[in-house]
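>>> Predicted model and sequence below, questions to follow.
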Amino acid sequence: GENVEQHPSTLSVQEGDSAVIKCTYSDSASNYFPWYKQELGKGPQLIIDIRSNVGEKKDQRIAVTLNKTAKHFSLHITETQPEDSAVYFCAASYYSGGYQKVTFGTGTKLQVIP
Amino acid sequence: ETGVTQTPRHLVMGMTNKKSLKCEQHLGHNAMYWYKQSAKKPLELMFVYNFKEQTENNSVPSRFSPECPNSSHLFLHLHTLQPEDSALYLCASSPGNMNTEAFFGQGTRLTVV
């Protein structure tokens, strides 16, 4: 089955600096890679996603890159703000049997220091 | 608000109790999921229902019993749980389309005493 590794497990940055979270996956069948943000007391919410036919995607201060050959994908947050503090999960998934089979990473706790 | 509602938000139960968790979505999604989230572990998929039919059971102990009466509602019936079952239980739903994200509820924080 799919195995997703995520690093680092914790990350502290100064407000305004950039944050980078890296993930690797093992199953070449995975072709959809969502990133979720989970704030305290809430469920994970999608912040950005990338499909395997794309190498990079950007949405304002958030960007995601995908290297299919190396099976690596990364989340980049620029100009970090205190409200970016949360736990971030990467995931690798593929479609089978009428639904997405999703495997999550272990999460990165991001702390943005004002 | 993601459109996926879970109740209750918090639950404390004894090991001999029977309780149920409820999940509801009116997003028109056909797939619904139960996940378990424990500290320092990846989100663990427990069950998947697609069009009310259970399509995945990830070797979950029988003390957890899911029920999906229709595509909008999902339950997780709990009985004779163990303290190690204490966790955040998350429900999610997704459309039947390829490469679309799952929408999560707020979760039920379960404590087994």
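All right, it came through fine.

>>> Need the contact partners of the worst-scoring helix or strand of chain A on mean pLDDT.
Between all helices and strands in chain A, the lowest mean by mean pLDDT, DSSP states H and E belongs to strand A:99-104, at a mean of 88. Residues from elsewhere that reach strand A:99-104, judged by CB atoms under 8 Å, 6 or more residues apart in numbering or on different chains: A:1-4, A:25, A:27, A:30, A:32, A:34, A:36, A:89-95, B:30-31, B:42-43, B:45, B:48, B:50, B:55, B:94, B:96, B:98-102. Placement of C-beta: from N, CA and C, glycine included.

>>> Please pick the buried ones from these.
By neighbour count, with 16 or more other CB atoms under 10 Å in any protein chain shown, the contacts of strand A:99-104 hold A:2, A:4, A:25, A:27, A:30, A:32, A:34, A:36, A:89-95, B:30-31, B:42-43, B:45, B:48, B:50, B:94, B:99-102 as buried.

>>> List the pairing partners of the longest strand along chain A within its sheet, with orientation.
Looking only at chain A and at elements set by DSSP state E, the strand with the highest residue count is strand A:86-96. Using DSSP bridges, strand A:86-96 pairs in its sheet with strand A:32-38 (antiparallel), strand A:99-104 (antiparallel), strand A:108-113 (antiparallel).

>>> got a markdown table for those strands, with distance to B:S65 too?
Formatted as a markdown table, the strands paired with strand A:86-96 follow (distance: least, CB to CB, whole Å):
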| stretch | distance to B:S65 |
| --- | --- |
| strand A:32-38 | 27 |
| strand A:99-104 | 21 |
| strand A:108-113 | 33 |
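
>>> right, so of these, which gets closest to A:S12?
Between A:S12 and the strands paired with strand A:86-96, the shortest gap by CB to CB is with strand A:108-113, which sits at 4.6 Å.

>>> and the closest one, what's its mean pLDDT?
The average pLDDT for strand A:108-113 rounds to 97.

>>> Buried residues, it. List them.
By 16+ other CB under 10 Å, the buried positions in strand A:108-113 come out as A:108, A:110, A:112.

>>> Run the chain-centre distance for that strand.
14 Å (CA atoms, centre = their mean, to the nearest Å).

>>> Can you tell me what sits against that strand?
Residues contacting strand A:108-113 (CB under 8 Å, 6+ apart): A:6-15, A:19, A:21, A:77, A:80-89.

>>> please redo it, this time with the cut-off set to 7 Å
Strand A:108-113 is contacted by residues A:6, A:8-15, A:19, A:21, A:80-82, A:84-88 when judged by CB atoms under 7 Å, 6 or more residues apart in numbering or on different chains.

>>> Next: stretch A:70-79.
A:16, A:18-26, A:33, A:35, A:50, A:61-66, A:84, A:88, A:90.
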